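A.B. asks: 3D, please:
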Amino acid sequence: MGSTDITPEQVIETGEQLEHAGMLVTGFALRKNLKAGDPKALMEIWKRHITDRKIIDPNLTNEFVAAISTSLEQQLQKLEANFHRSYQTISQDATSAIEELEVELELANTQIEQLKHQLNQTEQQAQISLDEFSSLSTENTALIERQQQLNQQLSLTEQQTNNLRSELKQANSFIDHLKSDKTMLCQQSQQADKELNELYSQLHQEQQKSITLEHSKVSLQKQLNDLKQQLESTQQQTEANSQSTGQYQDKIQQLQVECAELKAHNTELKSQLSTSLAQQDKLLSHNQELEKQVIALVNKYRILLKQ
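C.D. replies: You can find the predicted model right below:
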């Protein structure tokens with residue numbers, strides 16, 4: 001039972017019992033009878049009771065004062081008679097209290113040693129914490145520097161991204177321009193194919209004409225040979241026959257002129273056909289180059305989108 005469980009009434013009652021028994025009221029005596037409590041706190045309660053008990057009411061009669069005086073004298077006598085007997089008890093209580101104090105002191109020393117050990121451990125932990133804090137501060141400084149570098153890299157990356165976006169915009173514009181050029185080239189190629197087909201048709205017609213002229217030439221050559229034979233056989237004929245022969249020669253010369261013109265026209269058609277074929281090859285080569293550029297730009301655009 002702790003001192004907080006002991007009421008002041010219990011302390012006062014125990015002290016009065018000790019007084020009636022002729023014993024000296026002390027803190028250790030109160031503790032011994034109550035079997036609990038702090039001697040000093042118990043004695044404080046008893047002293048307050050004694051102080052309150054010493055207050056005398058002015059209305060008390062002389063008889064009451066005399067009775068109290070007689071009772072006090074008797075108690076003093078009893079106290080003097082029992083002083084030696086109480087002394088031994090007090091000594092025993094004091095010895096027990098000293099032993100208890102020594103035990104408590106040893107326990108306190110043990111607790112102090114434990115606290116010192118805990119303090120050393122705490123100091124070691126504090127030193128470790130300081131070292132860790134220093135390490136963390138160094139790491140924090142490194143992280144701050146790394147963050148600054150990353151911010152710079154981020155700014156550079158954003159600038160590069162803006163540049164790439166600008167290039168991508170230009171590439172899209174160039175692709176649109178190329179698509180427009182490709183459409184125009186397709187139209188030109190179709191027009192060239194159409195013209196080429198027309199030239200092929202004209203060439204075929206001219207070839208047919210050339211073949212016809214060749215046949216005509218052969219026929220005329222044959223006729224010329226026949227005429228030459230007739231001319232040789234009729235050299236001795238009359239002037240009328242000579243005039244007829246002159247007409248035939250004029251006709252032959254006219255046919256030869258027409259044949260020469262047809263050959264020149266055929267040569268010109270062949271030259272135009274070669275020129276058209278060369279232009280078509282050039283257009284096809286330019287179209288293939290544009291397709292390669294478009295494919296390269298599309299691949300670059302896809303790479304930029306993936307990034």
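A.B. asks: what segments of the stretch 151-300 of the chain are strands?
C.D. replies: Assigned by DSSP state E, counting those that start in this stretch, the stretch 151-300 of the chain shows no strands.
A.B. asks: count of neighbours near residue 45?
C.D. replies: As a burial measure, residue 45 scores 20 neighbours (other C-beta atoms under 10 Å). The C-beta positions use only the backbone N, C-alpha and C, and glycine is treated the same way.
A.B. asks: in contact with it, which residues?
C.D. replies: 8, 11-12 (C-beta atoms under 8 Å, 6 or more residues apart in numbering).
A.B. asks: which pLDDT does the model give it?
C.D. replies: pLDDT for residue 45: 93.
A.B. asks: just the element for it, please.
C.D. replies: helix 39-54 (DSSP states H and E).
A.B. asks: determine the longest helix present in the protein.
C.D. replies: Counting by DSSP state H, the longest helix found in the chain is helix 83-233.
A.B. asks: in the helix holding residue 45, which residues are buried?
C.D. replies: By neighbour count with 16 or more other C-beta atoms under 10 Å, helix 39-54 contains the buried residues 39, 42-43, 45-46, 49.
A.B. asks: could you do stretch 163-182 as well?
C.D. replies: Within stretch 163-182, the residues that count as buried by 16+ other C-beta under 10 Å are 168, 171, 175, 178, 181-182.
A.B. asks: ok now it, how far from the chain's centre?
C.D. replies: On the basis of C-alpha atoms, centre = their mean, to the nearest Å, stretch 163-182 sits 32 Å off its chain's mean C-alpha point.
A.B. asks: mean confidence score for that stretch?
C.D. replies: 78.
A.B. asks: pull the CA atoms of that stretch into CSV?
C.D. replies: Below are the C-alpha coordinates for stretch 163-182, written out as CSV (Å, rounded to 0.1, in the frame of the first residue of the first chain):
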residue,chain,number,x,y,z
ASN,A,163,14.4,23.2,-82.6
LEU,A,164,13.2,19.8,-83.6
ARG,A,165,9.6,20.9,-83.6
SER,A,166,10.6,23.9,-85.8
GLU,A,167,12.6,21.5,-88.1
LEU,A,168,9.6,19.1,-88.1
LYS,A,169,7.3,22.0,-89.1
GLN,A,170,9.7,22.9,-91.9
ALA,A,171,9.9,19.2,-92.9
ASN,A,172,6.1,19.0,-93.0
SER,A,173,6.0,22.1,-95.1
PHE,A,174,8.7,20.7,-97.4
ILE,A,175,6.8,17.4,-97.5
ASP,A,176,3.6,19.3,-98.5
HIS,A,177,5.7,21.1,-101.1
LEU,A,178,7.1,17.8,-102.3
LYS,A,179,3.6,16.3,-102.5
SER,A,180,2.6,19.3,-104.6
ASP,A,181,5.7,18.8,-106.8
LYS,A,182,5.0,15.1,-107.0
